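Participant: The sequence and its predicted three-dimensional model are supplied below.
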Amino acid sequence: SQTIHQWPATLVQPVGSPLSLECTVEGTSNPNLYWYRQAAGRGLQLLFYSVGIGQISSEVPQNLSASRPQDRQFILSSKKLLLSDSGFYLCAWSGFSYNEQFFGPGTRLTVL
Amino acid sequence: SQQGEEDPQALSIQEGENATMNCSYKTSINNLQWYRQNSGRGLVHLILIRSNEREKHSGRLRVTLDTSKKSSSLLITASRAADTASYFCATDWSTGFQKLVFGTGTRLLVSP
């Protein structure tokens, strides 16, 4: 069966520090991968998506970047965090048929 | 924006009662999906209804879709305390790579 992992689960970082969040998927090949951010009490905002290794599309101009160095690994990064980067970050994958998306457990990021 | 809007924002009921949540959206869709999120966790896919379908059932869940009104409803019958969560609708309206647009969610509280 397929599983999706995210780490760390929680993170507290000072403003101006770098960020690296990792997402890995097991049990499937060539998944479509997504990064979302959820502000407190709000819906999800799509940040990046990827159809394959090295192929990243950005949805919203921002202080973040994404990379996909391996088929089942998706990384969200920042060189210098802003206060507004705080939130709950969710990684998700979907299969070729583009039906449901499967979400990881999320990373709660607090920027102080 | 295409973002869906759920109504009500919050719903409080007793165990055994039915819970109905509504979702409205703005443009034509390929499909509409409902997800559930327990507090501080990732989202779990509940059900998908395609644009050519009007009603779908899964266990205690019943989803309807009215494309003429651009709206959907999620009915949870005989609710349980374990149904307490936030529920989000997500619309797939993309013509190429699937990109879901999530609504703002309905917070459901089921009291024993």
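Facilitator: All right, it came through fine. Numbering: from 1, shown residues only, chains lettered A, B, ... in the order given.

Participant: What is the neighbour count of the nearest residue to A:Ser86 once chain neighbours are set aside?
Facilitator: Residue nearest to A:Ser86 in three dimensions, not counting chain neighbours: A:Val111, with 4.7 Å by C-beta to C-beta, 6 or more residues apart in numbering or on different chains. In short, each C-beta sits where N, CA and C put it, glycine included. By other C-beta atoms under 10 Å in any protein chain shown, 19 other residues sit near A:Val111.

Participant: Can you tell me how far B:Gly40 is from chain A?
Facilitator: 7 Å (C-beta to the nearest C-beta, to the nearest Å).

Participant: right, I mislabeled it, should have said B:Ala85
Facilitator: Computed with C-beta to the nearest C-beta, the distance linking B:Ala85 and chain A is 13 Å.

Participant: quick one: contacts for that residue?
Facilitator: Contacts of B:Ala85 were listed using C-beta atoms under 8 Å, 6 or more residues apart in numbering or on different chains, and they are B:36-39, B:107-108.

Participant: go on, B:Ala78?
Facilitator: Residues near B:Ala78 by C-beta under 8 Å, 6+ apart: B:16, B:18, B:60.

Participant: before we move on, what about A:Lys79?
Facilitator: Residues counted as contacts of A:Lys79 (C-beta under 8 Å, 6+ apart) are A:Pro18.

Participant: now swap in the one 10 residues further on and tell me
Facilitator: For A:Tyr89, the contact set (C-beta under 8 Å, 6+ apart) comprises A:6, A:21, A:35-38, A:76, A:106-109.

Participant: List only those of the contacts of B:Ala85 flagged as buried.
Facilitator: Applying 16 or more other C-beta atoms under 10 Å in any protein chain shown to the contacts of B:Ala85, the neighbour count classes B:36-37, B:107-108 as buried.

Participant: And for B:Ser24, the neighbour number?
Facilitator: 16.

Participant: From what I see, B:Glu25 and B:Lys69 are in contact.
Facilitator: Small correction: residue B:25 is Tyr, not Glu. No. Using C-beta atoms under 8 Å as the test, B:Tyr25 is too far from B:Lys69 to be in contact (10.0 Å).

Participant: When the two are compared, which one has more neighbours?
Facilitator: Legend: neighbour count by other C-beta under 10 Å for B:Tyr25 and B:Lys69, higher for B:Tyr25 (22 against 9).

Participant: Name the nearest residue to that one, sequence neighbours excluded.
Facilitator: B:Gly4 (4.4 Å).

Participant: contacts with chain A among the contacts of B:Ala78, please.
Facilitator: Near chain A, taking C-beta under 8 Å from any C-beta of the partner chain as the test, no member of the contacts of B:Ala78 is found.

Participant: And the residues you listed, which is closest to chain A?
Facilitator: B:Arg60 (18.5 Å; C-beta to the nearest C-beta).

Participant: Ranking helices and strands of chain B by mean pLDDT, which lands last?
Facilitator: For chain B, using mean pLDDT, DSSP states H and E, the weakest element among its helices and strands is strand B:5-7, scoring a mean of 85.

Participant: Show me what it is packed against.
Facilitator: strand B:19-24, strand B:85-92 (3 or more C-beta pairs under 8 Å, 6 or more residues apart in numbering or on different chains; DSSP states H and E).
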